[in-house]
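*Asks:* how would this look folded up:
(2 chains)
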2 protein chains.
Amino acid sequence: MNYDQSALDLHKQYAGKITTTLRDTSELTKEKLSCYYTPGVAAVSRAIADNPSLLPVYTWTNNLVAVISDGSAVLGLGNIGPKGSMPVMEGKALLFKHFAGIDSVPITLDVHTPDEIVATIKAMASSFGAINLEDIAAPQCFEIEERLKAELDIPVFHDDQHGTAVVTLAGLINAMKVTNKKLADCKIVIVGAGAAGTAITKLLHLYAKPQIVAVDSKGIIGSARTDLNDAKKLLLDYIDTTASGSLEDALTDADIFVGVSQPGLLTPELVAKMANNPVVFALANPTPEIMPDIAKQAGVAIIATGRSDFPNQVNNAIAFPGIFRGALDNKVQKITDQHKIAAAETIASLVDTPDAEHIIPSVFEERLVPAIAKVIL
Amino acid sequence: MNYDQSALDLHKQYAGKITTTLRDTSELTKEKLSCYYTPGVAAVSRAIADNPSLLPVYTWTNNLVAVISDGSAVLGLGNIGPKGSMPVMEGKALLFKHFAGIDSVPITLDVHTPDEIVATIKAMASSFGAINLEDIAAPQCFEIEERLKAELDIPVFHDDQHGTAVVTLAGLINAMKVTNKKLADCKIVIVGAGAAGTAITKLLHLYAKPQIVAVDSKGIIGSARTDLNDAKKLLLDYIDTTASGSLEDALTDADIFVGVSQPGLLTPELVAKMANNPVVFALANPTPEIMPDIAKQAGVAIIATGRSDFPNQVNNAIAFPGIFRGALDNKVQKITDQHKIAAAETIASLVDTPDAEHIIPSVFEERLVPAIAKVIL
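*Replies:* Reported below is the predicted structural model:
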């Protein structure tokens, strides 16, 4: 189904998706105005100036996430700039509110180098309780996130990397139950070495140390490659560096394919090279690396995509609302790898009886946010 | 009355003052989610990327003002930094919503040079429909506002300067009716050459070209002074540059005193030097340059202060909600001097029968916002 026209219509009808309102909805009397603004507010400002840790006690920052992008790698659209990316960021703010009750402000940046983006976000960071980086192109996204995590005392989480990685791990945990395999014993092929592919690689390595073969547009990534940028070189710590060759070479006897790459990349012929009962996560959006019906015909045991109109949707919205809810509620300053694994295990556990069509809970599963929030400690 | 404890209690009880909600309050179905987020939102992003002027059609920027401060000159508190200033900025957001239905996001910056502040605001400006600068110290505030106005295509308005100037002019227009004088014929003494004093001086000069004598902590500002910084030198175009001497010299035969300076500065002895039926705007906050009862005893005809517990409150909140409401509704890219004068005249006109206790409408006057918005064209 094509949602383009309904999306344009709905956005126009409501003139956007979020709005601000007052927390205190009782009448704003003259006396209250003297408390919320001058002269009373001065006492609140003085209290925070004297003890900055009171900021979340007295201001909305306690429940506030900034969704920040430079619009350089938006959905399947690529570099569409700050204004073009605003509807996606505002959509993220809608999800934060709807699923987790979190206040959220979309901020799109018209600067694009790591130095500029880090400087801008650092300058305004004291306005927020946490920062969700979004749709920033690789490899800059890695440096930006690392520097901000090191320099800020609030959580910084690049959702394209870690949200995708958490939900992918959750799905694979249940896929292993269904196919009766162990992740640690699997050969996993990850195609696409951008933000999501890199984060998935790292998280799967940390979780189970399986054999991972990473593939980019030039073939298998390994020690033999002389054309790797710094970000891809860092991948060598997590993958089978002895591998080389084509995607077909990579897929031979592979148990799991994880694609964050291009529509149609995975043909039935390539599936035929894989091990028995192969698991395919075809996450290219909106058109996956292989369509579910073709995958099934080719012998795939379990297929997951990024789409809501097929079973097993790998959707970041399953993870990030609960992760930020937990970080804010539990005053977590950094979201760690252990948090991500705990979130993935929690998500997997909410599928009561996993089968080939049900390895990932729905984004509408009401237990998700509270259950995830509880393990972000 | 001291509001400190009630202010602290209220802020703590509600954990801040504003929150975000969804514009579309009907059920968020799976289909709607596919419009507001992936995959449908991509069509909206593409439309804006192709035609950036559609940003306010499809996103909340159409009704959104950023309230931005570096916390360097907050209320009477001075430089209390970004976190300390957040309650005031969030209070501003509350006023925007309550009085004008405008969505507003408080952003506090941890950078303080004009170059850094301009760079940070420019980087994120495409996220907003307008920018309200707030509580930034003089003289940096002048350069910051000028550069942003020149470089951005959305309204930029430093409220400490222009909001105060607009309401002061409105009050003086009515004060002239009550005292039966003409502003053009008056000798006006303006004490305090910071953000507000400078803006008041410029706006009064533009409106009526009265004789203005400006006074700072070192005495009368004039051509003879060799210690003026660049910002104060610019004032020389608007004031009586031949004047020199002390505050007492300045006040001799003055019709109007406008103080944005220090508590208690204006003594009864100084008032006695002024012309008949003197008008005093004692705007130092929270303690005015002279208390109303003392001013009256000393022969002042009309006294205005910044306080809500006395008559004639000069409160920016009378002006800025309507000015921004008009700028957003009428798609005004720059708020000009003519807009400020039109706003001041409109505010003055809403006092049906001005008298000594009623020269400025209440901030709760319901006609204010629509009437002002109508003249910001």
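*Asks:* Could you tell me how many residues sit around whichever residue of the stretch 151-300 of chain A sits closest to chain B?
*Replies:* When scored by Cβ to the nearest Cβ, the stretch 151-300 of chain A has residue A:286 as its residue closest to chain B, at 4.6 Å. Quick note: C-beta positions are derived from backbone N, CA and C, even for glycine. By the criterion of other Cβ atoms under 10 Å in any protein chain shown, residue A:286 has 17 neighbours.
*Asks:* Check the one 5 residues further on too.
*Replies:* Residue crowding around residue A:291 was assessed by other Cβ under 10 Å; the count is 18.
*Asks:* Show me the residue sitting in the middle of chain A in space.
*Replies:* The structure's chain A has its C-alpha centroid closest to residue A:163; by Cα atoms, centre = their mean the separation is 2.4 Å.
*Asks:* In contact with the closest residue to that residue other than its chain neighbours, which residues?
*Replies:* Leaving aside its sequence neighbours, residue A:163 sits nearest to residue A:316 (Cβ to Cβ, 6 or more residues apart in numbering or on different chains; 3.4 Å). Counting by Cβ atoms under 8 Å, 6 or more residues apart in numbering or on different chains, residue A:316 makes contact with A:159-160, A:163-164, A:167.
*Asks:* rerun that using 6 Å as the cut-off
*Replies:* Counting by Cβ atoms under 6 Å, 6 or more residues apart in numbering or on different chains, residue A:316 touches A:159, A:163-164.
*Asks:* Export the residues you listed as TSV, with columns for secondary structure, distance to residue B:212 and pLDDT.
*Replies:* Listed next are those as TSV, based on DSSP: H, G, I helix; E, B strand; the rest coil; distance: Cβ to Cβ, whole Å; pLDDT from 0 to 100:
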residue	secondary structure	distance to residue B:212	pLDDT
A:159	helix	56	97
A:163	helix	59	98
A:164	helix	63	97
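*Asks:* related to what we said a few turns ago, right, and the residue nearest to the centre of chain A touches residue A:319 too?
*Replies:* Yes: at 4.8 Å, residue A:163 and residue A:319 qualify as touching, with contact defined as Cβ atoms under 6 Å.
*Asks:* pretty sure residue A:79 is touching residue A:72, no?
*Replies:* Yes: counting by Cβ under 6 Å, residue A:72 is a contact partner of residue A:79 at 4.8 Å.
*Asks:* out of those two, which sits in the more crowded spot?
*Replies:* More crowded of residue A:79 and residue A:72, by other Cβ under 10 Å: residue A:72, with 20 against 15.
*Asks:* isn't there a strand covering that one?
*Replies:* No: assigned with DSSP: H, G, I helix; E, B strand; the rest coil, residue A:72 falls outside any strand and is coil.
*Asks:* Give me the pLDDT value at it.
*Replies:* Residue A:72 is assigned a pLDDT of 97 by the prediction.
*Asks:* burial measure for the nearest residue to it once chain neighbours are set aside, as a count.
*Replies:* Computed as Cβ to Cβ, 6+ apart, the closest residue to residue A:72 that is not its neighbour in sequence is residue A:137, at 4.0 Å. Other residues within reach of residue A:137, judged by other Cβ under 10 Å, total 18.
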